[in-house]
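Peer 1: here are the coordinates; sequence isn't available:
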């Protein structure tokens, strides 16, 4: 009865959602493909117990990952019309964050990172990984010990003044943070905080990525714009879990373990994404506008009001068919589509059979 | 509304699997009546605009809409067909001499209503029952989709009496977590918003309506301007459906829908001529057959309830320009329309009467100036006294007993100079500041109470009925009500200020909410 439309092509979709978790559709040209194994172990707790994450959710994860993997110089607009907006934005962003983290992970070179740290001013606030924990500290510059350069990080204030000295091979353990921190604000005795709250869960979801390394890096891979009360509720929903391959045990976790939303992290914790309220009166008008390569508008309100803030970013617009603002969102999209640069080649784009997708490219600024 | 993953999965499942069909039914008496109304309308011709015939046509259209959209027996008290027939008979009592060519047709139609009023037949509920009788027990419930909330309570009781296990609701209720097993919509598809079929909240969807109503295929595509004609959903025919009446004159689905006669609704609540204090107001039609006037001057705000908003925004003041269909207005029924003032007075305790008297004193003096000089001249004088922002609109705003004072002490001083109270500026300003602080606290208090209340009552009632009421002791009488806005008047209406913010029941022929 219901169909999917993407970039001007229509095809039938008759899949039963939640009943067939193995496969989903992709845009023309690529046929069906298996789900990303990293999400294969994701599950949620229903009244029946732990169940595999439903196919619609996996498709949204994969869609997010596809966005990260196919990003080019031309900004894109992808509008998804869904029967409900529930979890759509957070799931897409999770896929994007993991996809982007995988790509940037490959390029992390300890030697280059050491030189970046060495170039930072003395006193720069940093975090330093100590096993599975993270300490706050300040950079003290470099020193030469036993003929090799090392980076020095002070993590305790006087009289102890405990300092770590790390060779280039361990430089990735030290990460600058955006925090207001000086030597006299350091604790006397610092045990550090657990780097990762749900290590088992994060390990399963990230697949081959090192969870601790992941938690030590700040980078805004994407921004969610919407009702932050609802988004927070979904991103902190505790009824999520993950199973490692060939294991029965479920590791509990939250999307926040992956998304590490900056606005909901402590200032000395690293982040991977941002949220911004779409409400005209939210955040008493003083919220800074985060910068991100991908902006997911969870609902029409943020798209209609705020899209001009990110002219060079990819835009994903999640429209709930039942929302009051739905027609406003459609009108704004059609208005924007008229000015498009071209239709978007969408090979391999994971698509929900019950959705409509409008995809086009915009001119870069 | 917040859904969890399991609930969202049910929604996606329904969207993927739902099948829609139509069950056409018939009733000779209703068909004859609806045809007669059409014939009568044509015979009226230009007379349809005559003030005598307008209410007659409205009443006939209301009856026509009710008998084709509400699953109740024709003699049910909620439909009140007998009353309608009686009132129409009265109105048409001496019309034959004036309109000899029209009167017989009018009398015939009224006679048909009187005849329908005696019948126990219940064709729409019968159709709903026949759709649901073959369904096996299931953990998901059935639901009956009504076009409006007006008879929802009566329908709920009637379905219970007939042992039909289905809850009646309107389309607005299909935006949350509800997923029904079988949703039976009473009326043609075109009476309902596109999402009813594009994002179905049921595994099966059946539209039940009379076979002489012409419906159309769904237009459920989100971007028709981009992909014209690429999406076509179809609605099948239910196995128990009567065939389309090919020989009958089909009536367009839209032709049966009520038309909002804003002029008539406004006139029904017109300002008493003796009340000189008039404001330009927007008229809002509300769920459950109510309406309210709200002051439409520039910058006007009203309290709304937004169940999905972030915590501190759930109950908030919203500019009137932003309030429209689907918004939930917070209003007080009984005890005066204002609910902030009585709570603010409680906060002011023993100071309340003194500071209110001071507020009244300077407002009366300013109003006297406005009465004598006019608002434009008062504004000009205020500007010469240094109040640069003085305009006739602002002068009206400051002189209103509903407002407190200017926001700036310098501006207030200029007004005091104008009305000869310069020496008491400090005393009056500090009193107005006390009132202002009390109003802010009263707003916070209401927000706190209602957030708790709205949560406790859950938003189900609001979504299903479009209205919910709260008894708050702090108000000292009256009920705080939350109404869903169904429509907003396109034009402003002059209304006595004493009528503002008071929800009132609209005559049933005028508004079919």
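Peer 2: That came through, no problem. These figures come from a predicted structure and were not determined experimentally.

Peer 1: tell me which helix or strand of chain A sits lowest on mean pLDDT?
Peer 2: In chain A, no helix or strand scores lower on mean pLDDT, DSSP states H and E than strand A:9-12, which sits at a mean of 29.

Peer 1: now the stretch 51-200 of chain A, which segments are flagged as low pLDDT?
Peer 2: Residues of the stretch 51-200 of chain A that meet the criterion pLDDT under 70 lie in A:105-107.

Peer 1: List, one by one, the residues from it near chain B.
Peer 2: Proximity of the stretch 51-200 of chain A to chain B, by C-beta under 8 Å from any C-beta of the partner chain, involves residues A:53-54, A:56-57, A:81-84, A:86-87. For glycine as for every other residue, the C-beta is placed from the backbone atoms N, C-alpha and C.

Peer 1: how far out from the middle of the chain is the helix or strand harbouring residue B:196?
Peer 2: When elements are assigned from DSSP states H and E, residue B:196 belongs to helix B:195-198. Relative to the mean C-alpha coordinate of its chain, helix B:195-198 is positioned 22 Å out (C-alpha atoms, centre = their mean, to the nearest Å).

Peer 1: Quick one: mean pLDDT over that helix.
Peer 2: For helix B:195-198, the mean per-residue pLDDT is 91.

Peer 1: helices or strands up against that helix?
Peer 2: Using 3 or more C-beta pairs under 8 Å, 6 or more residues apart in numbering or on different chains; DSSP states H and E as the contact criterion, no helix or strand is in contact with helix B:195-198.

Peer 1: tally of neighbours for residue 173?
Peer 2: With no chain named, the answer covers chain A. Under the neighbour criterion other C-beta atoms under 10 Å in any protein chain shown, residue A:173 is assigned a count of 22.

Peer 1: Can you look at chain B instead?
Peer 2: 23.

Peer 1: Can you classify it as helix, strand or coil?
Peer 2: helix (DSSP: H, G, I helix; E, B strand; the rest coil).

Peer 1: Can you verify my assumption that residue B:345 contacts residue B:438?
Peer 2: Yes - under the criterion of C-beta atoms under 8 Å, residue B:345 makes contact with residue B:438 at 7.5 Å.

Peer 1: Show me which of those two is the more surrounded one.
Peer 2: Legend: neighbour count by other C-beta under 10 Å for residue B:345 and residue B:438, higher for residue B:438 (23 against 19).

Peer 1: Tell me which residues touch residue A:202, please.
Peer 2: Contacts for residue A:202 were tallied using C-beta atoms under 8 Å, 6 or more residues apart in numbering or on different chains; they are A:196, A:211, A:214-215, A:253, A:257-258.

Peer 1: Am I right that it sits in a strand?
Peer 2: No - looking at residue A:202 with three-state DSSP, it is helix, so not inside a strand.

Peer 1: Just give the closest residue to it, not the sequence neighbours.
Peer 2: Of all residues not flanking residue A:202 in the chain, residue A:211 sits nearest, at 4.4 Å (C-beta to C-beta, 6 or more residues apart in numbering or on different chains).

Peer 1: do you know how far that neighbour is from residue A:257?
Peer 2: Taking C-beta to C-beta, to the nearest Å as the measure, residue A:211 falls 9 Å from residue A:257.
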